[in-house]
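J.: the amino acid sequence is not available; the structure is as follows:
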C-alpha cells in the first residue's frame, strides 16, 4: 500500500476529515496549506518526503484519538489536537470556545486578585515616565471585568470589561494607539472619554499567556491628546516585551508577540 493510500485508510478508519487531519499536521509542524494537503490526499500533487511523513503521522494519530466528547470542565467537544494549538487554533473554534481557551490561560497565570508586585510595578512606572502619562497600568481581562495588577495614577479596579480600552487591545496582535480619543468614532462616546476622567490619549500593547492567548495589556493613558511616533511604537513594544517576560516567560515559544 502506498503512503498516500495509508493516509487515506487512516482517515477513513478514524473518521477525520481532510481539514481535521490538516489541523493535526499543522500542530506537528507541517508547513503546507490545507489546499495542498487536500490535493495530495486526492492524488493531484505530490509532496516533499518530510511533509508526507508529518502528514502520515497526523493521520495515524487520528486513529488514537477518542471520539470528541465533553471535557468535564467544558460544555464543548473541541478535539484535543485543536485545543493543543492554543491561540493559533482560534480560527477553528466558535467564539465561546476561544474565550474559554483564553480564560483558561489567564487562570494558569495565578495573577488575578493578587497584590501588587514590584517586578510589575517597576515596568509600569517606567512606562508612565517614558510617555509622560498620568495613568499607566498592567491590566488583566477576566470573564466580566478588568483586574488591575499594577498601576500609576487613578486606575479604577474591577471595571466591567466592556467599559475599558484594554478589552479592545486584546483583540489585536499589536499596539492599539488612540492619539486623540475624541477623533476616533469608536471611542469618542466612551464613558471615560465623554465623562471623567476624560481620557484623550491611549496606547496599549497586548500580553499573552499559555497557548499564546491574549490575557491582558500594558497601557498608558493621558488627559491630553498627543502624537505617537515610530520611536514611541518601538519603546512601547520594548516595554511590553519586558512585561511579557514577567507575566508569562514561556511566551517566546509561541512566537506571537
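T.: Arrived safely, thanks for sending. Quick caveat, the model's predicted, so the values are computed rather than measured.
J.: from here on, just use CA atoms for contacts and neighbour counts.
T.: OK.
J.: ok, residue 191 to residue 181 distance?
T.: 11 Å (C-alpha to C-alpha, to the nearest Å).
J.: higher neighbour count, the two?
T.: A count of neighbours by other C-alpha atoms under 10 Å puts residue 181 above the other of residue 191 and residue 181, at 24 against 14.
J.: assign a three-state SS to residue 219, would you?
T.: strand (DSSP: H, G, I helix; E, B strand; the rest coil).
J.: residue 2 - how many residues pack around it?
T.: Neighbour number of residue 2 under other C-alpha under 10 Å is 7.
J.: my bad, should have said residue 158
T.: 16.
J.: and residue 148, by the same measure?
T.: 23.
J.: in space, what's closest to it - neighbours in sequence excluded?
T.: The shortest distance from residue 148 to any non-neighbouring residue, by C-alpha to C-alpha, 6 or more residues apart in numbering, is to residue 139 (4.6 Å).
J.: quick check, pLDDT for that neighbour.
T.: Confidence at residue 139, expressed as pLDDT, is 96.
J.: now name the helix or strand holding it.
T.: Using DSSP states H and E, residue 139 falls within strand 135-141.
J.: mind giving me the packing neighbours of that strand?
T.: For strand 135-141, the helices and strands in contact under the criterion 3 or more C-alpha pairs under 8 Å, 6 or more residues apart in numbering; DSSP states H and E are helix 118-131, strand 145-152, helix 166-169, strand 214-222.
J.: which parts of it are buried?
T.: For strand 135-141, the neighbour count (16 or more other C-alpha atoms under 10 Å) marks 135-141 as buried.
J.: cool, and stretch 172-190?
T.: 174-182, 187-188, 190.
J.: pick the one among those closest to residue 160.
T.: residue 190 (12.9 Å; C-alpha to C-alpha).
J.: wait, what's in contact with the closest one?
T.: residue 163 (C-alpha atoms under 8 Å, 6 or more residues apart in numbering).
J.: any idea how far residue 215 is from it?
T.: For residue 190 relative to residue 215 (C-alpha to C-alpha), the value is 22 Å.
J.: what of residue 230?
T.: Plainly put, residue 230 is 25 Å away from residue 215 if you go by C-alpha to C-alpha.
J.: of those two, who's got more company?
T.: With neighbours defined as other C-alpha under 10 Å, residue 230 and residue 215 compare such that residue 215 has more, 25 against 8.
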